[in-house]
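**Q** no sequence for this one, just the structure:
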């Protein structure tokens, strides 16, 4: 399908997180913006980039929330952390800000539909903490 690449699988241990700061000029003003990316080297040649994926959102003025997102992902991957943080909620839908539904081919590629609001709420209920 045009615009979509086949999913790439890499070993989590090889993934590197990076943030990039850049300046956005907006008329007469300028702001610092940040982007968080996950990079993975090619399995046959660690000096070659195999996969690069921007995650999260475009952060303005600071990158703390982007690093919090990375830490949540890291805990999920390395420490069997929760898929959704306790107390987490979905954003409310806003007219004109929601994407059109994806077609069947895209949904099959990404593994099916997103979780419903009810499924997210169940996952976000208080979860037991793991004793060290």
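**A** Yep, it's here. All figures in this text were calculated on a predicted structure; none of them were measured in a lab.

**Q** doesn't residue 52 make contact with residue 39?
**A** Yes - contact criterion C-beta atoms under 8 Å: residue 39 and residue 52 qualify, at 5.2 Å. All C-beta atoms are positioned from the backbone trio N, CA, C, and that covers glycine.

**Q** tell me which residues of the biggest helix by length in the chain come out buried.
**A** Scanning the chain for the helix with the most residues, using DSSP state H, yields helix 64-79. Residues 66, 67, 69, 70, 72, 73 are the ones in helix 64-79 that count as buried (16 or more other C-beta atoms under 10 Å).

**Q** mind giving me the packing neighbours of that helix?
**A** With contacts taken as 3 or more C-beta pairs under 8 Å, 6 or more residues apart in numbering; DSSP states H and E, helix 64-79 sits against strand 16-26, strand 29-42, strand 45-60.

**Q** closest to residue 120 out of those?
**A** Among these, the nearest to residue 120 by C-beta to C-beta is strand 45-60 (17.7 Å).

**Q** list the buried residues of that closest one.
**A** Quick answer for strand 45-60 (16+ other C-beta under 10 Å): 51, 56, 59.

**Q** what element comes up after the longest helix of the chain heading to the C-terminus?
**A** Next in sequence after helix 64-79, counting helices and strands by DSSP states H and E, comes helix 104-109.

**Q** what distance separates the next helix or strand after that following helix from the centre of its chain?
**A** Next helix or strand after helix 104-109 toward the C-terminus (DSSP H and E): helix 117-123. Helix 117-123 sits 19 Å away from the centroid of its parent chain (C-alpha atoms, centre = their mean, to the nearest Å).

**Q** so who does residue 11 touch?
**A** 40, 43 (C-beta atoms under 8 Å, 6 or more residues apart in numbering).
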